[in-house]
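# Provided below for reference: sequence and predicted model.
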Number of protein chains: 2
Amino acid sequence: MIFVIKVGGNVIDNPELLQRFLKNFAAVPGKKILIHGGGKIATRIGDKLGIESRYVNGRRITDAETIDVVTMVYGGLVNKQLVAKLQANGCNAIGLTGADANIIPAVKRPVKEIDYGFAGDISTVQAAPLKALLEAGLTPVFAPLTHDGKGQMLNTNADTIASSLATALSAYYEVRLIYCFEKKGVLHDANNDDAVINLIDRQIYQELLEDKVLTDGILPKLENAFAAIESGVKEVLIGHADDVLSNTSDTVAGTLIR
Amino acid sequence: MIFVIKVGGNVIDNPELLQRFLKNFAAVPGKKILIHGGGKIATRIGDKLGIESRYVNGRRITDAETIDVVTMVYGGLVNKQLVAKLQANGCNAIGLTGADANIIPAVKRPVKEIDYGFAGDISTVQAAPLKALLEAGLTPVFAPLTHDGKGQMLNTNADTIASSLATALSAYYEVRLIYCFEKKGVLHDANNDDAVINLIDRQIYQELLEDKVLTDGILPKLENAFAAIESGVKEVLIGHADDVLSNTSDTVAGTLIR
């Protein structure tokens, strides 16, 4: 079993939560991959540099100045600080973007109604170099960046990178894909943080959709999860950064999707 | 033969020279490693962020804000742009710092007369993970950064990283260490850019020192070169970024040190 673990920006932005998360991540035995979001630091540094952050439908518009900022901040500052801290926790991390070893080639998103700028839609995942790193005992840590193969870095959603890597690796390994965030899992009741649904399969998902239980924030994560499972990923786990890394298949905190 | 190639900040800062250099680098056959300096962009971005750059004896003083800037700029922006451009030239580059795969552990420089801040003196080079990357067909591209093993990134001179990597790899390979910069090589006459000394050995070096032919800028490079050769590196080549990558052992542009 290999663990492909996405940690969100809210965890990155919270030093105490991040420290606990990295300790727990380092303690996960066997092969594993970390994919990190950016957090608010790119926006803070962009603001200081006089570069405005713009979003449409929750997606950042990545103009020429902004791709430089996210390449610096996600690919440099956040990624290397995570690597250094994982090394301090005894985890032999190697920080990467999708350009490194050409693991995630992408295409610049075509301009339709909205011009997202230097946003990358993943073309494919090259599993062979990734597998070589894993077999060498290394733990890849991915920033949410890809490249177009023509010399341009591109900004790519970290959830999407996580599910794409998980899917590609499922040709070689049993894969558990884990989304760590600041909630305990998928909730029955958005106002009760403890009302976690422990297991969701296709049938339960349909019932939840019909009952309109799910919030807008969780829907894309569940759609990603089922897409990954249909493409070969064994299971997807969604839950709080403090809980989900110590899970075994028998004792589940968070929401397991099968 | 493996080529360990350092490219200086003056090349990084010059888009046309850089483009030619990367094309030539990508065309070098067989195993190779690139180590890049930072160029002036870290100072420019630091200035915009209101962080003052301070130097003593030509070495940057790396305070807490500055290590974040150089981690972003060298480890993120410069490193990933080089990787993306090498990929576009058909070279399967993987961008790294010394923290990645724990290849270059270092110690924070002890405070004596000068407090250099978060400057790292290399402890050792872990050649095994580096060799694994090379054997997997990848071309490592190093930013001038190391780490202390306790979670802190450190700023380390790129020339020193290049000679340390070259020395460590000489246990496994015949190594040619190449310093690319904006001069044609070591000069007989500082005022004549074409007065290149083609070959320097220990005896010639002593004579050049006695004749006071060498400039202050070239002395540390030559000292590094002879130290590397005494530690097992086969030969060191110093010259212009446009010339030295197309060299074979028989046709030498630049200065060859043996």
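Okay, I see it.
# show me where chain A has strands.
A:2-7, A:32-36, A:55-56, A:59-60, A:93-96, A:106-108, A:120-122, A:139-142, A:145-147, A:153-155, A:175-181, A:199-200, A:235-240, A:255-257 (DSSP state E).
# per-stretch mean pLDDT over those, give me the minimum one.
With a mean of 76, strand A:59-60 has the lowest mean pLDDT of these.
# That one: partners in the sheet, and parallel or antiparallel?
Its sheet considered, strand A:59-60 pairs with strand A:55-56 (antiparallel) by DSSP bridges.
# Give me the number of neighbouring residues for A:Val11.
22 (other Cβ atoms under 10 Å in any protein chain shown). Every residue, glycine included, has its C-beta placed from N, CA and C.
# dump the residue contacts of it.
By Cβ atoms under 8 Å, 6 or more residues apart in numbering or on different chains, the residues touching A:Val11 are A:Leu17, A:Leu18, A:Phe21, A:Cys180, A:Phe181, A:Glu182, A:Ala241.
# 10 Å instead?
By Cβ atoms under 10 Å, 6 or more residues apart in numbering or on different chains, A:Val11 lies in contact with A:17-18, A:20-22, A:36-37, A:39, A:180-182, A:240-242.
# what does A:Ile204 give?
Here A:Ile204 is in contact with A:Val186, A:Ile197, A:Ile257, A:Arg258 (criterion: Cβ under 10 Å, 6+ apart).
# Of all residues in chain A, which one is closest to chain B?
Nearest residue of chain A to chain B (Cβ to the nearest Cβ) works out as A:Gly76 at 2.0 Å.
# would you list the strands of chain A in a markdown table and tack on mean neighbour count?
Shown next, in a markdown table, are the strands of chain A (neighbours: other Cβ atoms under 10 Å in any protein chain shown):
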| stretch | mean neighbour count |
| --- | --- |
| strand A:2-7 | 26 |
| strand A:32-36 | 25 |
| strand A:55-56 | 10 |
| strand A:59-60 | 18 |
| strand A:93-96 | 29 |
| strand A:106-108 | 19 |
| strand A:120-122 | 21 |
| strand A:139-142 | 25 |
| strand A:145-147 | 30 |
| strand A:153-155 | 29 |
| strand A:175-181 | 26 |
| strand A:199-200 | 17 |
| strand A:235-240 | 24 |
| strand A:255-257 | 25 |
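# Mind checking the ones you listed for the one nearest to A:Leu209?
strand A:199-200 (10.7 Å; Cβ to Cβ).
# chain center to that closest one, what's the gap?
The chain centroid and the centroid of strand A:199-200 are separated by 20 Å under Cα atoms, centre = their mean, to the nearest Å.
# Show me what it is packed up against.
If contacts are counted by 3 or more Cβ pairs under 10 Å, 6 or more residues apart in numbering or on different chains; DSSP states H and E, strand A:199-200 sits against helix A:219-230, strand A:235-240, strand A:255-257.
# if we go to 7 Å?
Counting contacts by 3 or more Cβ pairs under 7 Å, 6 or more residues apart in numbering or on different chains; DSSP states H and E, strand A:199-200 packs against strand A:255-257.
# Paired strands for the strand it packs on, with orientation please.
As assigned by DSSP bridges, strand A:255-257 forms pairs with strand A:199-200 (parallel), strand A:235-240 (antiparallel).
# how far out from the middle of the chain is that strand?
The answer for strand A:255-257 is 16 Å, by Cα atoms, centre = their mean.
# per-residue confidence for the closest residue in space to A:Ile45 that isn't next to it in sequence?
Excluding its sequence neighbours, the residue lying closest to A:Ile45 (Cβ to Cβ, 6 or more residues apart in numbering or on different chains) is A:Val73, at 5.6 Å. According to the prediction, A:Val73 has pLDDT 97.
# Restrict the contacts of A:Val11 to the buried ones and give me that as a PyMOL selection.
Only the buried entries of the contacts of A:Val11 go into this PyMOL selection, using 16 or more other Cβ atoms under 10 Å in any protein chain shown:
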select buried, chain A and resi 17+18+21+22+36+37+39+180+181+240+241+242
